[in-house]
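Q: output the structure for:
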Amino acid sequence: MSSTRIEKQRNWIGRLLAGCLVCCCLCSLATAATVQFKSHANIQGEVVRLGDVAEVYDFNPQVAERLKQIILRPAPAAGLKIRISVDEVRSRLKSSGVNMLAVEMQGSTQIEVASASAPGPIQQVSYTQADPTAQARQLQQAVKALKQSIQQYLQAQQLSVKPEQIELEISRQQLPLLKHFTPTAYHVQGGQAPWTAPQQLKISLLDDQKSLQSILVNVSVKAGPTALVPRYQIPRGQSLTRDDFESIPVDRLTATMVTTYEELEGKEAVQPLAAGRPVQQNQMKPIVLVRRNAMVKVFVNSKGIQVRTLCKALKEGSQGEVIPVEPQWKTKTRPTPINVRVTGVNEAVVDSGDSLAN
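A: Residues are numbered from 1 along each chain as shown. Okay, the predicted model is just below:
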C-alpha cells in the first residue's frame, strides 16, 4: 500500500474520531442542566426554592421548572438573613432524587438570603391614666404583647410555644416601662439552648422620652406535650429535614405522632402533609434511593481493590436495605442475582453475606 493512501486513511480516521468527540460533547451539553447561583436573594414566600437563589437552564423547560420548585429550607424570619452554601444545595438536590451527574453548578458558592418583608421600627404607645384599674388593664395588654414578642423569638430558635405557656418575672422598678401594646415594640435578645430551661432575656424598648431602654426579664416555659408539624405544605415524595418542621404544644399526644427530629431522618412523605398539623408515623417512609429496574452502580471492595459495575435493580430499596440486582455482563445463561446494600441514589455495595462477595 502506498504511503499516500496510508496517509489518506489516517486523515479519514482522525476526522471520524473528531466528529465522534464533537457529537459526544453536544449530547452531554444537551442532557445537562445548568444552575447559575446568585450572590444575594430576597424571598417573598415562606420557603426558599432553588429558583429563588439560582437561574436554572435546561433544553427541556419542564425539567428546568421542576428543578426550580425544589424546596431548600424555610425562609428566614423578617429582618434576618441566612447564608446557604452550594454544598447544602447539592445535598438537598441529591436527597430529592436529582441525578447530580446531570447538573452543572456555576456562580457564587455562598448565597445570602433575606426576607423581602422587613420588620417595622420599634413602636411607641404611651398612656397617662390616673385610674388604677385602667393602668392594670393596660399593663396586662403590654405583658401580652411582650409574651407574643418572646414567642416569636423562641420560634426563631425552633421552639414553638403558646403565649399562655410563657411565664415572666419582671422587677417592680421595670414594670412602668411596659407601655407598648404591640409585639414589634419589644426587641428580644439573649438566652441559650435548651430553650425550655429558665432563661434571662434582654428586652429593648422606648420610654416616654423615646429613649432606648433595656430591661432583664426572667422567662420560663411551662412544659407540656409537643409534636412536630410542617412549617408549610409538603408535597408527596419530598424528603424530610428538621428545617421543614417545628415543635408545637398539643393538648393530647397520641402514640402515632412524630415528636422528635430524629424520627424524620432519612424519611420522605407518602402523602401531602398539611402545614401546622401534627405528622403521623404512617405519613412517612424511608427515602427510596433505588427504584425497581433502575441501573445501579455496584461497588466491590476486596483486598484494597475496588471494582465497579452496572446492575439492574430487581427491587426498590432505601438507605441500608439489602436488595437483589442482576448483573449486566453477557453470559450464555441469565446471570445469578447478587444481593447488594443500598448506599446512595442508584448506588450500592455488594453485601458481605452474598455468595459472590468474594
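
Q: need the contact list for residue 218.
A: Counting by CB atoms under 8 Å, 6 or more residues apart in numbering, residue 218 touches 168, 169, 170, 198, 199, 200. (Each C-beta comes from the backbone N, C-alpha and C, glycine too.)

Q: repeat that for residue 300.
A: 306, 307, 308, 309, 349, 350, 357.

Q: drop anything exposed from the contacts of residue 218.
A: Buried subset of these (neighbour count, 16 or more other CB atoms under 10 Å): 170, 199.

Q: looking at the contacts of residue 218, which is nearest residue 239?
A: residue 199 (33.2 Å; CB to CB).

Q: pop out the phi and psi values for the nearest residue to the closest one once chain neighbours are set aside.
A: Among residues not flanking residue 199 along the chain, residue 191 sits closest, at 4.2 Å (CB to CB, 6 or more residues apart in numbering). Note on residue 191: its backbone torsions stand at phi 80, psi 170 [degrees, to the nearest 10].

Q: low-confidence bits of the chain, can you list those?
A: Applying pLDDT under 70 to the chain flags residues 1-31, 77-80, 117-133, 351-358.

Q: which residue is nearest the middle of it?
A: What sits nearest the mean C-alpha location of the chain, by CA atoms, centre = their mean, is residue 73, with 3.7 Å.

Q: now the helices: where do they sit in this structure?
A: Per DSSP state H, the chain carries helices over the ranges 3-31, 50-53, 61-68, 86-95, 132-156.

Q: quick check: buried residues in the third one?
A: Of the residues in helix 61-68, 64, 66, 67, 68 count as buried by neighbour count, 16+ other CB under 10 Å.

Q: any idea how far the first one is from residue 57?
A: Going back to what we said before, that points to residue 64. 6 Å (CB to CB, to the nearest Å).

Q: quickly list what's touching both of the two.
A: Each of residue 33 lies in contact with both residue 64 and residue 57 under the rule CB under 8 Å, 6+ apart.

Q: so what's the residue nearest to the centre of the chain bridging to?
A: Residue 73 forms beta bridges with residue 48, as assigned by DSSP bridges.

Q: can you report how many residues lie near residue 166?
A: 18 (other CB atoms under 10 Å).

Q: do residue 201 as well
A: 20.

Q: neighbours of the closest residue to it other than its chain neighbours, how many?
A: Excluding the flanking residues, the one nearest residue 201 by CB to CB, 6+ apart is residue 190, at 4.8 Å. Neighbours of residue 190 under the rule other CB under 10 Å: 13.

Q: thought residue 190 was touching residue 200?
A: Yes. Shown here, residue 190 and residue 200 form a contact pair, counting by CB atoms under 8 Å, at 6.6 Å.

Q: who are the contact partners of residue 243?
A: 73, 74.

Q: okay, now the domains of the chain?
A: 28-115, 132-221, 226-286, 289-350 (automatic domain parsing).
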